[in-house]
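Undergrad: Any chance you can model this:
(2 chains)
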Amino acid sequence: MTTTIPQPTASTSSDVRINNFALKLANVNGTGSASANSLLMQAIFRMGIPVSGKNLFPSNIQGLPTWYEIRVNKSGYTARAMDYDLMVAMNSQTYADDIKEVATGGYVLYDSSWPLDSYLLRDDVTFLGVPLAKMCLENFTSSRERVLMKNIAYAGALVALLDLDLEVIATLLTESYSRNEKLLASNQKALRLGYDYAMENFDCPLEFHVAPMDETSHSILIDGNTASALGCLYAGATVAGWYPITPATALMDNFTALCAKYRREPVDSAVPGAPDSIQNNYLILQAEDEIAAIGMVLGASWSGARAFTSTSGPGISLMGELLGLAYYTEIPAVIFDVQRTGPSTGMPTRTQQADILLCAYASHGDTKHILLFPANPHECFEFAVDSFDIAERFQTPVFVLSDLDIGMNDWVVPELTWDDDFVPDRGRVLNDEDLAGIAEFFRYTNEDADFVTPRTVPGSIEKGAYFIRGSGHDKFGKYTEVPAEYQEVVDRLKKKHAASAHSVPAPIEVRRPDAHVGIITLGSCDLAVREAIDDLAERGIVADYMRVRGFPFVDSVRQFVKDHEHCFVVEQNRDAQLRSLIAIETEIDINQMHPVLHYGGFPLSASQVVDAVTDTLEVTS
Amino acid sequence: MSTPTKPLIPLAVLPKNELGLTVRDYEGAMSTLCAGCGHDSVTAAITQMYFELSMPPHMIAKLSGIGCSSKTPTYFVRGAHGFNSAHGRMATIATGANAANRELSYIGISGDGDSLSIGIGHLSHLMRRNVNMVYVLENNGVYGLTKGQFSASADIGSRSKRGVSNVVAPIDPIMLGLSMGATFLARSFSGDKEQLIPLLKAAVAHKGMALIDVISPCVTFNDHEGSTKSYRFMREHEVKEIETDFVPWQQEISMPHHKDDAREIIMHDGSAVRFRSVPEGYDPRDRQKVEEYIRERHERGEIATGLLYVNEDSSDVHEMNNTPETALSKVPFSKLCPGSGALAKLQEDFR
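TA: The predicted structure is shown next:
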């Protein structure tokens, strides 16, 4: 499949602050702020302006601090910003830290129902007090509404301050609450309260605000978990085994909802007069643990279905043993790892790219797997479809390494497209007719140019029956403890893995004339790194860009490192895992790559890359 | 070392089944287990059972985990598709395989280590999901391949070959099954083919997960004085609770009329299991009484065998999930992929 990567576009506005700012909303989780925050983000998207919304939330249901960041950028740079022009401070527990984070010259919007402690005040920012609690107390009667509507009220104030299109907001509210007129009326009222207060009391709009553009008309707002689930639906997956885990749960929730919508087939009753029934062309099994989840996937794939599981790091750890079984017995499997912050339980609601080495070599013994690294939800969809083809073509597990930032945040990405001529690549599977045409079938003989041998599925005629085993086996599939027979099989597996390099998505490479610096990255670092490369260019540092999208690596990865005097590898983990993997697998000297590491759990921002690159170059020059 | 092949020279003209196959066609590779191993008797019973049922070999899928018991699927029905998986994980693989293709006859062979220790979680959930398969637990109370450690089914006071007494309470898979909502629970003894074969046939006919706990003595590590899973102990303590006979539906009419005190349970495919209760009023459909009875017997030091519990009314995993009657793996791609039009339309929700 072809991939369309969202590309930043040139600025068309003369005013640098229009459609170029960031705000942060500090809330208490469980108070209903999420819908107000995403309403704002969605409205900006509908006004045609590139935008991102990042939810920085706790591993908790109610009462802890949670933040939502919105970055508006007409050029399409929507990686996490760390300079906030406006802070909506709704959480008194975190007032002090939140207020400190506002950029000089910025604003703090707070609930002025109660006075702000004087120690919190700053001379270089403007405080915008809106009596949110007070106005909700006066205008709403139920205690629940008095809490919930404060959020919509501050959203109303922001509509005025940022010049958001009131009609767009009204339409979004109507869409959201079309089934609950009372709630719609309350929302409209609360929005108006905040809006009117801001219009009357502040100089609206602020110097930074939005202005309609036409940059998102062919884009959608979607999170990676939904997009991955859609990919599985379109790839024709019928069996899924899974165990609930943050941040991967929504992937299977979405797949379940999509199957309920698109995979329920009416069946005419065989008995005249009896009612017609519905059959489900899918079977989703909530397993007892991740071991069972991957076991189910292997059983189903062995039997000829397209099957997958979705999990996060702790799940991969548990699946280790059976992933080795799949590798050695050559059973296709698709595993989505929506990475979160490790080690151990780590920080389940924070993002990281720290499962790269775990997945590349999952399981004991000599094992190597195929990895795909989507950078955004658009690629989640495409790579999900690709992953089933690659898994079946190479008869081995394929990991799709998304992360929490991609999986759980809404991203503006190009519309998803589908080619109705698409035919899934089921790989080399002998049916009964094929078997009839051959003298004898042995599972691990007759390899092709990619070192793949044909398989059969259970139920095929006796000639195709064989005994699949995780114990030592020779190329005929028979048990063996003979060194040469054992080695012959595992040596072919190594070659098969290497051969898959040309079937995984190719790296994206952008070379510039006179570049002496190279930056390699992967996955959700993409936008921050591309923004950083433009920032660096303004400082006179010309850098080439490479984003690896799959493992094993094609030779251009080794070449890229070799071509640059200074090569940086930007990734979100402590141990420079991508850098290690490149060094191990390309046999290039690891010291030819400078690590740029970001692993605190929040998404990467361009300034962190720029700082790391400039610091390193200063030291080495 | 490769597995020795069994010689295929027929000594006499062997009877043929409905498919024109002989019992030899249901055999597998030569067993590499110890001479006299109970598991080999179970293998022989399974071979005979499939032969008598005239099951097409390629329609059988045989699965196992790791351990002596788990080696045995290579020893029967060489024409079946087989999967020797990982320790304790066979139930999960079987669940997935069955999910993808419900048309095959699944049989899982496991042991007490595989099923009651490392794999007890998966066994429990296999019973809850009621995956349509036969699950044979070859139970010898001991870890054979690692040379004689107690397993979780070893009775308190049972002595190991090294002379150590077990002090940890045993797990009875039948009692476990009763609490997990299993729908077919039987116990037998590897030395009793007369009982085992009809039980296996009934298990194949049962729509759902059918567990047969087969006490299968380990001649090398657990057949000595002081063991409660030895041949001698079993012969002295087995109580055949129910005499079981299996009647395939095709043959029902030609069968002699059953005795007055026999009951009959009709399986979902029309076949029947006839059993004669030794204790008066034993009803394998009454879960509560079954539980009480097995416990009582156990307290007396007796091992109740036969078809101990059956429930033919419950749904299997496919019925619970409303899947097609044919294999999910055979649903054509055109029915699975909603196409470009649907994709364009559903993205209206992402604006």
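Undergrad: helices and strands around the helix or strand residue A:190 falls within, which ones?
TA: Per DSSP states H and E, residue A:190 falls inside helix A:181-201. Here helix A:181-201 touches strand A:126-130, helix A:132-139, helix A:143-162, helix A:166-176, going by 3 or more Cβ pairs under 8 Å, 6 or more residues apart in numbering or on different chains; DSSP states H and E. To be clear about C-beta, it is placed using only N, CA and C from the backbone, and glycine gets the same treatment.
Undergrad: For the first one, which strands pair with it and how are they oriented?
TA: In the sheet containing strand A:126-130, the strands it pairs with under DSSP bridges are strand A:102-111 (parallel).
Undergrad: hmm, who's touching the partner strand?
TA: Under the contact criterion Cβ atoms under 8 Å, 6 or more residues apart in numbering or on different chains, strand A:102-111 has outside partners A:83-90, A:95, A:98-99, A:116, A:122, A:124-133, A:150, A:154, A:157-158, A:161, A:206.
Undergrad: Please spell out the segments of the chain that come in under the pLDDT threshold.
TA: The chain I'm using is chain A. Along chain A, segments meeting pLDDT under 70 span A:1-14, A:621.
Undergrad: should've been chain B
TA: For chain B, the stretches with pLDDT under 70 are B:1-11, B:241-243, B:248-263, B:274-278, B:280.
Undergrad: In the stretch 351-500 of chain A, mark out all the helices, start to finish.
TA: A:356-360, A:377-394, A:404-408, A:432-436, A:483-499 (DSSP state H, counting those that start in this stretch).
Undergrad: for chain B, that is, sorry about that
TA: B:38-53, B:68-71, B:90-100, B:112-113, B:120-129, B:173-180, B:193-205, B:231-237, B:287-299, B:317-321, B:333-336, B:339-346 (DSSP state H).
Undergrad: Of the contacts of strand A:102-111, select the buried ones using a PyMOL command.
TA: Selection of buried members from these for PyMOL, criterion 16 or more other Cβ atoms under 10 Å in any protein chain shown:
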select buried, chain A and resi 84+85+86+87+88+89+90+95+98+99+116+125+127+128+129+130+131+132+133+150+154+157+158+161+206
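Undergrad: And the helix holding residue A:190, how far out from the chain middle?
TA: In terms of Cα atoms, centre = their mean, to the nearest Å, the centre of helix A:181-201 is found 34 Å from the chain centre.
Undergrad: Toward the C-terminus from that helix, list the very next helix or strand.
TA: Downstream of helix A:181-201, the next assigned helix or strand under DSSP H and E is strand A:219-223.
Undergrad: Which strands or helices does that following strand pack on?
TA: Partner elements for strand A:219-223 (3+ Cβ pairs under 8 Å, 6+ apart): helix A:33-46, helix A:404-408, strand A:410-414.
Undergrad: Neighbours of residue A:46, how many?
TA: Residue A:46 has 21 neighbouring residues, counting by other Cβ atoms under 10 Å in any protein chain shown.
Undergrad: my guess is it meets residue A:169, correct?
TA: No - using Cβ atoms under 8 Å, residue A:46 is not in contact with residue A:169, being 9.1 Å away.
Undergrad: Tell me how far residue A:495 lies from chain B.
TA: Per Cβ to the nearest Cβ, to the nearest Å, residue A:495 is found 24 Å from chain B.
Undergrad: what's residue A:177 in contact with, if anything?
TA: Per Cβ under 8 Å, 6+ apart, neighbours of residue A:177: A:183, A:184, A:187.
Undergrad: Residue B:221 now?
TA: So residue B:221 contacts B:140, B:142, B:143, B:144, B:147, B:148, B:160, B:161 (Cβ under 8 Å, 6+ apart).
Undergrad: So for it, what's the nearest residue that isn't a sequence neighbour?
TA: Closest residue to residue B:221 apart from its sequence neighbours, by Cβ to Cβ, 6 or more residues apart in numbering or on different chains: residue B:148 at 3.9 Å.
Undergrad: tally of neighbours for that neighbour?
TA: Counted with other Cβ under 10 Å, the neighbours of residue B:148 add up to 16.
Undergrad: and the nearest residue to residue B:322 once chain neighbours are set aside, what does it touch?
TA: Distances taken as Cβ to Cβ, 6+ apart place residue A:280 nearest to residue B:322, at 4.7 Å, with adjacent residues excluded. Neighbouring residues of residue A:280 by Cβ under 8 Å, 6+ apart: A:259, A:263, A:264, A:265, B:321, B:322, B:323, B:324.
Undergrad: tally of neighbours for the fourth one?
TA: As a burial measure, the neighbour count of residue A:265 was computed by other Cβ under 10 Å and equals 13.
Undergrad: what does the second one give?
TA: Residues contacting residue A:263 under the criterion other Cβ under 10 Å number 19.
Undergrad: That one reaches residue A:281, doesn't it?
TA: Yes - contact criterion Cβ under 8 Å: residue A:263 and residue A:281 qualify, at 4.5 Å.
Undergrad: anything in contact with each of these two?
TA: Joint contacts of residue A:263 and residue A:281 (Cβ under 8 Å, 6+ apart) are residue B:336.
Undergrad: Distance check, residue B:180 against residue B:131.
TA: Taking Cβ to Cβ, to the nearest Å as the measure, residue B:180 falls 12 Å from residue B:131.
Undergrad: Show me which of these two is the more surrounded one.
TA: More neighbours surround residue B:131 than the other of residue B:180 and residue B:131, with 27 against 18 (other Cβ under 10 Å).
Undergrad: Relative to chain A, how far out is that one?
TA: According to Cβ to the nearest Cβ, residue B:131 and chain A sit 10 Å apart.
Undergrad: what residues are up against that residue?
TA: B:91, B:94, B:95, B:98, B:106, B:208, B:209, B:316, B:317.
Undergrad: which residues touch the helix or strand hosting residue A:618?
TA: Secondary structure assignment for residue A:618, by DSSP H and E: helix A:606-620. Among residues not part of helix A:606-620, those counted as contacts by Cβ under 8 Å, 6+ apart are A:77, A:79, A:82-83, A:517, A:519, A:525, A:528-529, A:531-532, A:535-536, A:539, A:541, A:543, A:566, A:568, A:570, A:594, A:596, A:598.
Undergrad: Tabulate the contacts of residue A:280 in a markdown table, adding columns for distance to residue A:486.
TA: Putting these into a markdown table (distance: Cβ to Cβ, whole Å) gives the following:
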| residue | distance to residue A:486 |
| --- | --- |
| A:259 | 42 |
| A:263 | 43 |
| A:264 | 47 |
| A:265 | 46 |
| B:321 | 41 |
| B:322 | 45 |
| B:323 | 40 |
| B:324 | 41 |
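Undergrad: between those, which is closest to residue A:357?
TA: Using Cβ to Cβ, residue A:259 is the member of these that lies nearest residue A:357, at 33.4 Å.
Undergrad: Count the neighbours of the residue lying closest to the closest one once chain neighbours are set aside for me.
TA: Spatially, and ignoring its direct neighbours in sequence, residue A:259 is nearest to residue A:282 (4.3 Å; Cβ to Cβ, 6+ apart). By other Cβ under 10 Å, 28 other residues sit near residue A:282.
Undergrad: coming back round to it: only whichever of the contacts of residue B:221 are buried, select them in ChimeraX.
TA: Command for ChimeraX that selects the buried part of the contacts of residue B:221, burial taken from 16+ other Cβ under 10 Å:
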select /B:140,142,143,144,148,160,161
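Undergrad: Pick out whichever of the contacts of residue B:221 sits closest to residue B:349.
TA: Set against residue B:349, the nearest of these by Cβ to Cβ is residue B:143 (55.6 Å).
Undergrad: Please determine how far that closest one is located from residue B:234.
TA: Residue B:143 sits 19 Å away from residue B:234, going by Cβ to Cβ.
Undergrad: Around chain A, which positions in the stretch 51-200 of chain B sit nearby?
TA: Residues of the stretch 51-200 of chain B lying close to chain A (Cβ under 8 Å from any Cβ of the partner chain) are B:57-59, B:61, B:73-74, B:78-86, B:89, B:91-101, B:103-104, B:121-122, B:124-125, B:129.
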